[in-house]
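Enquirer: Output the structure for:
(one chain, ligands or ions: 1)
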Amino acid sequence: MATSPLDMLDVDDLLSDEERDVRSVTRRVVDDHVRPYVADWYERGAVPVRELALEFGKLGLLGMHLTGYGCAGASAVQYGLACMELEAADSGVRSLVSVQGSLAMYAIWKYGSEEQKQQWLPGMAAGELIGCFGLTESDHGSDPANMSTRARRDGDDWILTGGKMWITNAPVADVAVIWARADTGVLGFAVPTTTPGFSAREIANKLSLRASSTGEITLDEVRLPASAQLPAAQGLKAPLSCLTEARFGIIWGSLGAARDCLETAISYAVSREQFGRPLAGFQLTQAKLADMTLELQKGYLLALHLGRRPTLRPEQVSVGKLNNVREALKIARQCRTILGANGISGEYPVLRHANNLESVLTYEGTSEVHQLVIGQRLTGLNAFGG
Ligand code: FAD
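Expert: Numbering: from 1, shown residues only. Model (predicted):
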């Protein structure tokens, strides 16, 4: 009897019934509303963000680890398992949920005023309102401390000027959490996207994360009332704390993409014959499958360990993000080889996952940035430059 690659070590025995329930419910919604369509969305480079958000909102998947304001108050491991199931379908769909919950909602939940929380969070949790998170700029990615976007006061109002690049959900968002430099340091703003001077255009020609809406935001003298500023966010540590939240979801999500690739490769290798026997019967194929399964299992144990910690330090999240995304990408590429020419076809999910994981490797801190975070912790030396 064949064992599924994620069941080799019975890690599932470490999950509670409630955790397994979240996983099955998420798997069901993904099977019904994502899997049958996602290859087509990817091919067309268009994804029905609003419809999906409403479906996910019904299940409490948006901002699910937050409490109050219509959020589900789930545990870290439940959130991680949901991310794993979403990304087993497509990294772009998991990105939608991560950006909504861990970046946009978390920023408002953690740093917003009571009025801002009441205004945005219940609608965002329900999927009726979409949020985005604008930190990256075209000239400032890994180094957001040098951001060019400015916030200046005009009486009680704030005026935002500048631009943000590579912003997930921006073209469809109702609210944009924008990070800008003021005289006092980096501040955050909850910007209604209907505000005059705010515009977001879809970034075309992506070869990765095509089932995700990604935009470039222009802020042309965007006038905001004082009440739009997130009062508790002072300095770059505020947006960085949001990234720590989102990175946690990626630690789990990337394993979902890898699992889907490995399951696809195993079933393909068992059924396709060359030289008179199934590909899975060749020792070289089995060596690949065994090595990939080791990495998948180790990644799962790592994710579960981090998920069970009462708190996480940034470098611990870096260990998880660096390892699991890097290994997931290697698994996706290796699985692609097992499928031969069919591996490059959109009929199979494998190259789509591999292409997506290139984005996942880069966003939420590149692999190099996470190496530098870990290196700094090990040596006490900052090697980021500057
Ligand atoms: P750069 O910073 O220019 O880096 C280029 C290369 O140089 C990388 O390999 C990097 O690791 C390396 N490098 C940079 N500095 C160092 C150093 N000190 N030492 C060694 N190597 C270094 N951003 C948002 O704010 N919100 C979003 O919703 C969002 N969504 C995204 C969606 C997609 C599909 C993508 C691709 C990106 C998204 N991003 C988003 C942006 C993402 O976070 C940035 O792309 C990322 O931070 C890297 O910045 P960069 O692309 O400018 O690369």
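
Enquirer: Show me which residues of the protein are close to the ligand?
Expert: Within the chain, the residues that sit near the ligand (C-beta under 6 Å from any ligand atom) are 99, 133-136, 141-142, 166-168, 209, 214, 359, 362-363, 366, 368-369, 372, 384-385. (C-beta placed from N, C-alpha, C; glycine too.)

Enquirer: The closest residue to the ligand within the stretch 1-150 of the chain and W166, how far apart?
Expert: The nearest approach of the stretch 1-150 of the chain to the ligand comes at G141, 1.8 Å away (C-beta to the nearest ligand atom). G141 sits at a distance of 8 Å from W166 (criterion: C-beta to C-beta, to the nearest Å).

Enquirer: out of those two, which sits in the more crowded spot?
Expert: Higher neighbour count among G141 and W166: W166, with 21 against 16, using other C-beta atoms under 10 Å.

Enquirer: Let me see the confidence value for the more buried one.
Expert: The model reports W166 with a pLDDT of 98.

Enquirer: May I ask which helix or strand encompasses it?
Expert: Per DSSP states H and E, W166 falls inside strand 157-168.

Enquirer: again, but for V186
Expert: Per DSSP H and E: strand 185-192 holds V186.

Enquirer: avg pLDDT for that strand?
Expert: 98.

Enquirer: quick one: contacts of the very next helix or strand once past it?
Expert: Next in sequence after strand 185-192, counting helices and strands by DSSP H and E, comes strand 198-202. For strand 198-202, the surrounding residues in contact (C-beta atoms under 8 Å, 6 or more residues apart in numbering) are 132, 167, 170-171, 173, 176, 191-193, 213-220, 222.

Enquirer: Go again with 10 Å.
Expert: Residues outside strand 198-202 that contact it (C-beta atoms under 10 Å, 6 or more residues apart in numbering) are 45-46, 132, 134, 160, 163-164, 167, 169-173, 176, 178, 191-193, 213-220, 222, 224.

Enquirer: can you list the weak-confidence ranges in the protein?
Expert: Along the chain, segments meeting pLDDT under 70 span 1, 386.

Enquirer: Would you map the strands across it?
Expert: 131-134, 150-154, 157-168, 175-182, 185-192, 198-202, 214-224, 273-274, 277-278 (DSSP state E).

Enquirer: Give me the distance from the last one to the chain's centre.
Expert: Right, the one you point to is strand 277-278. Here strand 277-278 is found 38 Å from its chain centre; the criterion is C-alpha atoms, centre = their mean, to the nearest Å.

Enquirer: Chain neighbours aside, what residue packs nearest to A104?
Expert: Leaving aside its sequence neighbours, A104 sits nearest to G131 (C-beta to C-beta, 6 or more residues apart in numbering; 2.8 Å).

Enquirer: Next one: the residue nearest the centre of the chain from F198, what distance?
Expert: Central residue of the chain (C-alpha atoms, centre = their mean): S95, 3.8 Å from the mean position. Note on S95: its distance to F198, by C-beta to C-beta, is 22 Å.

Enquirer: Now do the helices in the chain.
Expert: 17-33, 38-44, 49-58, 76-89, 91-98, 106-111, 114-126, 237-271, 283-308, 314-338, 350-362, 367-379 (DSSP state H).

Enquirer: Now do the fourth one: which elements does it pack against?
Expert: Helix 76-89 makes packing contacts with helix 17-33, helix 49-58, helix 91-98, helix 237-271, helix 283-308, helix 350-362 when contacts are defined by 3 or more C-beta pairs under 10 Å, 6 or more residues apart in numbering; DSSP states H and E.

Enquirer: A104 is nearest to which of these?
Expert: Among the helices and strands packed on helix 76-89, the nearest to A104 by C-beta to C-beta is helix 237-271 (8.5 Å).

Enquirer: now that closest one against helix 76-89, angle please.
Expert: For helix 237-271 against helix 76-89, the angle by axes from the mean of the first three to the mean of the last three C-alpha atoms, to 10 degrees is 50 degrees.

Enquirer: ok now helix 237-271, how far from the chain's centre?
Expert: Taking the mean of its C-alpha atoms, helix 237-271 sits 9 Å from the chain's own mean (C-alpha atoms, centre = their mean).

Enquirer: Now do it against helix 367-379, angle only.
Expert: With the same axes, to 10 degrees applied, the angle from helix 237-271 to helix 367-379 works out at 120 degrees.

Enquirer: now the angle between strand 157-168 and helix 237-271, please.
Expert: Interaxial angle, helix 237-271 versus strand 157-168 (the same axes, to 10 degrees): 10 degrees.

Enquirer: which parts of helix 237-271 are buried?
Expert: For helix 237-271, the buried set under the neighbour-count rule, 16 or more other C-beta atoms under 10 Å, comprises 238-239, 242-266, 268-269.

Enquirer: Ok, stretch 306-321 next?
Expert: Under the neighbour-count criterion of 16+ other C-beta under 10 Å, stretch 306-321 has L306, G307, L312, P314, Q316, V317, S318, V319, G320, K321 buried.

Enquirer: how far does that stretch stretch from start to finish?
Expert: By C-alpha to C-alpha, to the nearest Å, the extent of stretch 306-321 from end to end equals 11 Å.

Enquirer: Pop the domain breakdown of this protein in here.
Expert: Domains of the chain are assigned by automatic domain parsing as 5-125, 131-235, 238-379.

Enquirer: For T3, grab the count of nearby residues.
Expert: For T3, the neighbour count with other C-beta under 10 Å is 10.

Enquirer: got the contact list for it?
Expert: The neighbours of T3, taking C-beta under 10 Å, 6+ apart as the test, are D10, I266, T293.

Enquirer: Just give me the closest of those residues to C335.
Expert: Proximity of the contacts of T3 to C335 (C-beta to C-beta) peaks at I266, which lies at 8.9 Å.
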